[in-house]
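A.B. asks: can you look at this prediction? I've put the sequence above it.
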Amino acid sequence: MQLEGKKPVEAKRVGSALIVAFRMSQPRLVWRFDLEKNHSFSLALEGEEGTWELGVTSPKGEFYPVARFAAREDADQAFAAVQRALMTRKSAWLGWLLKAVGVLALFFMLAAAVAIFTLSRLGFMGMAGMPNPYAAAGMAAVPAAPVSVPQNGVPLPADQVLRPPP
């Protein structure tokens, strides 16, 4: 017996709780199960023809019935719906956020690689082999001032070291 446009079982996670609406159980009920407090359990389906019980089994092996069903098909549907809800990720938005951060990181790494490649091709990474920009404009090149580099181990007077290059 299907209710008008309604699923026989609706199960979803809300925060740290599992909320299930059993519309085909005897009696109909809504079940709230705190997953944070009950982190170790097994979902179980027990019974025989005419009486099927969906419930949880504790780590000690004790079965606690939650909903009773007259037909095996209804009990199987309820079991499958609760199983799907338990298997879904706790927070879907967190997964989307992590994916977005990953895409942004990949984009920035790719942009940095393109920038480094472009700059190295233009010769800005060390100025080796860079063409003279003044020659391309028909101007005389600006001569570079000679720089005196002190050699290691050779003593120099302070005035010579601190003097600006000519």
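C.D. replies: Everything's here; your move.
A.B. asks: what about residue 21, how many residues close to it?
C.D. replies: 17 (other C-beta atoms under 10 Å). In short, each C-beta sits where N, CA and C put it, glycine included.
A.B. asks: quick check: it touching residue 12?
C.D. replies: No: if you go by C-beta atoms under 8 Å, residue 21 and residue 12 don't touch, sitting 9.4 Å apart.
A.B. asks: so which residues of the chain form helices?
C.D. replies: Ranges of helices in the chain, per DSSP state H, are 72-87, 92-122, 133-136, 158-162.
A.B. asks: please parse this structure into its domains.
C.D. replies: 9-87, 91-124 (automatic domain parsing).
A.B. asks: just send those domains back as CSV, with distance to residue 163 too.
C.D. replies: Shown next, in CSV, are the domains of the chain (distance: least, C-beta to C-beta, whole Å):
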stretch, distance to residue 163
domain 9-87, 73
domain 91-124, 31
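A.B. asks: right, so of those, which gets closest to residue 158?
C.D. replies: domain 91-124 (35.4 Å; C-beta to C-beta).
A.B. asks: buried residues in the closest one?
C.D. replies: Across domain 91-124, burial judged by 16 or more other C-beta atoms under 10 Å covers no residue at all.
A.B. asks: show me how far it is from its chain's centre.
C.D. replies: 16 Å (C-alpha atoms, centre = their mean, to the nearest Å).
A.B. asks: could you give the average pLDDT over that domain?
C.D. replies: Across domain 91-124, the average pLDDT comes to 82.
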